[in-house]
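Engineer: 3D, please:
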Amino acid sequence: MRAITCGVKRFKRANPVEVKKFAGYDVDAVPPVGHKTEIKTVIDKRVMRPDKVVGGSGRINTLVEIDPTQIKRLTNSEVNDMSE
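Structural biologist: Numbers count the residues shown, from 1 in each chain. Below is the predicted model:
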């Protein structure tokens with residue numbers, strides 16, 4: 001992800017303990033919505049193309065299918081071009 005998109009010069013990937021602390025879910029289960037704390041969410045514009053996307057459901061080995069416009073609405077996300 002481009003750091004400028006988030007308004008920072010540098011960033012790092014969260015480790016499993018940090019993910020659990022901030023999102024409230026294990027790394028392999030983090031859903032796109034419903035996090036423990038408000039997390040700034042940026043969605044790559046390509047994710048908005050399909051009617052449905054698949055992601056974590058909050059439970060290990062279980063996925064959820066969701067409309068990306070609902071992710072944007074529920075997380076108050078911004079959509080940006082982040083792919084290189």
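Engineer: centre of the chain to stretch 40-52, how far?
Structural biologist: What separates the centre of stretch 40-52 from the centre of its chain is 9 Å, taken as Cα atoms, centre = their mean, to the nearest Å.
Engineer: do the same with stretch 74-84
Structural biologist: Between the centre of stretch 74-84 and the centre of its host chain there is 9 Å, according to Cα atoms, centre = their mean.
Engineer: then stretch 63-83?
Structural biologist: Worked out by Cα atoms, centre = their mean, stretch 63-83 lies 7 Å from the chain centre.
Engineer: mind checking the end-to-end distance for that stretch?
Structural biologist: For stretch 63-83, the first-to-last residue distance is 23 Å (Cα to Cα, to the nearest Å).
Engineer: my guess is Val47 contacts Pro68. True?
Structural biologist: Yes: Val47 lies in contact with Pro68 (Cβ atoms under 8 Å); the separation is 5.3 Å. The C-beta positions use only the backbone N, C-alpha and C, and glycine is treated the same way.
Engineer: who has more neighbours, the two?
Structural biologist: With neighbours defined as other Cβ atoms under 10 Å, Val47 and Pro68 compare such that Pro68 has more, 21 against 17.
Engineer: name all residues that make contact with the residue most central in space within the chain.
Structural biologist: By Cα atoms, centre = their mean, the mean C-alpha position of the chain lies nearest to Pro32, the distance being 4.8 Å. Going by Cβ atoms under 8 Å, 6 or more residues apart in numbering, Pro32 touches Thr41, Val53, Gly55, Gly56, Val64, Ile66, Ile71, Thr75.
Engineer: quick one: the helices in this protein?
Structural biologist: 16-23, 68-75 (DSSP state H).
Engineer: for the last one, which residues meet the burial criterion?
Structural biologist: Judged by neighbour count using 16 or more other Cβ atoms under 10 Å, the buried positions of helix 68-75 are Pro68, Ile71, Lys72, Thr75.
Engineer: out of the residues you listed, who's nearest Phe11?
Structural biologist: Top of the list for closeness to Phe11, among the buried residues of helix 68-75 and by Cβ to Cβ, is Thr75 at 17.8 Å.
Engineer: that closest one contacts Thr37, doesn't it?
Structural biologist: No: look at Thr75 against Thr37 with Cβ under 8 Å: they stay out of range, at 11.9 Å.
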